[in-house]
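Enquirer: give me a model of this one.
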Amino acid sequence: MSGFIPSGDERFDAMVVDTLIAWLERSPSSITYGDLAKRMVKRFSIPEPDPWRTFDAPLGRIQVSCDELGLPCLPVIVVRKQGMKPGVGFASMHRSRHPEDAGLSDDELASKELALVRACGDWQRILDFYGIGRVFSGVKDVVAEKLARESYEESSCLIESLRKEQLRSPEARQRCLELKGTRCVVCGFDPVESWGVAGVIQVHHLRPLSEMLSERGSTQTDPEKDLVPVCPNCHALIHSKLRDMGSSRCYTIEEAREIVRGKAGDGTR
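Expert: Predicted coordinates:
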């Protein structure tokens, strides 16, 4: 491959690469086509591109460049707002260049490549290839930062009916799903992957919230350490030990997995 020639398509491709690398330096997460267009306008003072007609070809060319440079597929972070999945060309091009991944589904390919993009610290190579004269500052490590110390307050309060309620933080739940995905840690079911429906998966406190709140009126929840995604069935199973067996604790995640495996093994699931 030759170096970047600053004209025509290559010039626009360089703008896309620069914007995506800047996004990684800010937040190692997906970016929609529309947000990419808006960020390019702000970054380069250009007329706003039509996100649905402009980016497919540049992202395809950048995907090839990444592959030939031995880098993960940077364009995988650009997703459609509806469904939050990469453009339809990503998976087919990946399979054509990587036949060893032919058995993976589109979602599995995207998840695999996104993890590689987040872990890659070698993006200076693509900046240099496209002639972008700046230094890559590194993918922002939100887990480390977070957790410098990211936590969310959850509390109990007395309402007018004199019934004490536990107020769970929706932000903590959302952060848990961003960090750990929507696949149940007990049975492996993913409602987004299987049904295409978001909002079904629940979040379980590894240490019961009631226990933490009994010690004080509120507690700081760490989504990485304290929360895990579970499907509604497995969540009910985990808590059934409290209800049905008069136990002072829930089933652990591993105990729940053993129950699910046992039922699946004897054909009763």
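Enquirer: what about the helices in the protein?
Expert: Using DSSP state H, the helices of the chain run over 8-26, 33-44, 51-54, 56-68, 89-97, 106-119, 124-129, 142-145, 170-180, 191-195, 209-215, 223-226, 232-244, 253-265.
Enquirer: nearest to residue 82, out of those?
Expert: helix 33-44 (10.4 Å; C-beta to C-beta). All C-beta atoms are positioned from the backbone trio N, CA, C, and that covers glycine.
Enquirer: flag every buried residue along that closest one.
Expert: Buried residues in helix 33-44, counted by 16 or more other C-beta atoms under 10 Å: 33, 35, 36, 37, 39, 40.
Enquirer: any idea how far residue 181 is from the second one?
Expert: Computed as C-beta to C-beta, to the nearest Å, the residue 35 to residue 181 distance reads 21 Å.
Enquirer: do the same with residue 198
Expert: With C-beta to C-beta as the criterion, residue 198 and residue 181 are 12 Å apart.
Enquirer: same deal with residue 53?
Expert: Taken as C-beta to C-beta, the span from residue 53 to residue 181 is 31 Å.
Enquirer: try residue 135
Expert: In terms of C-beta to C-beta, residue 135 sits 32 Å off from residue 181.
Enquirer: the more surrounded of those two?
Expert: residue 181 (15 against 9; other C-beta atoms under 10 Å).
Enquirer: surely the more buried one meets residue 230?
Expert: No - using C-beta atoms under 8 Å, residue 181 is not in contact with residue 230; the gap is 11.9 Å.
Enquirer: what sits in contact with each of those two?
Expert: The contact sets of residue 181 and residue 230 do not overlap (C-beta atoms under 8 Å, 6 or more residues apart in numbering).
Enquirer: quick one on the thing from earlier: kindly reformat the buried residues of helix 33-44 as JSON lines containing distance to residue 12 and pLDDT.
Expert: As requested, those are exported to JSON lines (distance: C-beta to C-beta, whole Å; pLDDT from 0 to 100):
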{"residue": "33", "distance to residue 12": "15", "pLDDT": "92"}
{"residue": "35", "distance to residue 12": "17", "pLDDT": "92"}
{"residue": "36", "distance to residue 12": "12", "pLDDT": "94"}
{"residue": "37", "distance to residue 12": "12", "pLDDT": "93"}
{"residue": "39", "distance to residue 12": "14", "pLDDT": "93"}
{"residue": "40", "distance to residue 12": "9", "pLDDT": "93"}
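Enquirer: what residue is smack in the middle of this structure?
Expert: Nearest residue to the geometric centre of the chain (C-alpha atoms, centre = their mean): residue 178, 4.6 Å.
Enquirer: just list the residues touching that one, thanks.
Expert: Per C-beta under 8 Å, 6+ apart, neighbours of residue 178: residue 29.
Enquirer: and the end-to-end length of stretch 87-103?
Expert: From its first residue to its last, stretch 87-103 covers 19 Å (C-alpha to C-alpha, to the nearest Å).
Enquirer: avg pLDDT for that stretch?
Expert: The average pLDDT for stretch 87-103 rounds to 90.
Enquirer: model confidence at residue 161, what's the number?
Expert: pLDDT at residue 161 comes out at 39.
Enquirer: can you check residue 129 too?
Expert: On the pLDDT scale, residue 129 gets 95.
Enquirer: that one and residue 68 touch, don't they?
Expert: No - in this structure, residue 129 is not within contact of residue 68 by C-beta under 8 Å, at 9.3 Å.
Enquirer: out of the two, which sits in the more crowded spot?
Expert: For residue 129 versus residue 68, neighbours defined as other C-beta under 10 Å are more numerous around residue 129 (19 against 11).
Enquirer: before we move on, the earlier item: got TSV for the helices of the chain, with distance to residue 203 too?
Expert: Formatted as TSV, the helices of the chain follow (distance: least, C-beta to C-beta, whole Å):
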stretch	distance to residue 203
helix 8-26	26
helix 33-44	26
helix 51-54	32
helix 56-68	33
helix 89-97	29
helix 106-119	20
helix 124-129	36
helix 142-145	17
helix 170-180	5
helix 191-195	13
helix 209-215	11
helix 223-226	8
helix 232-244	9
helix 253-265	13
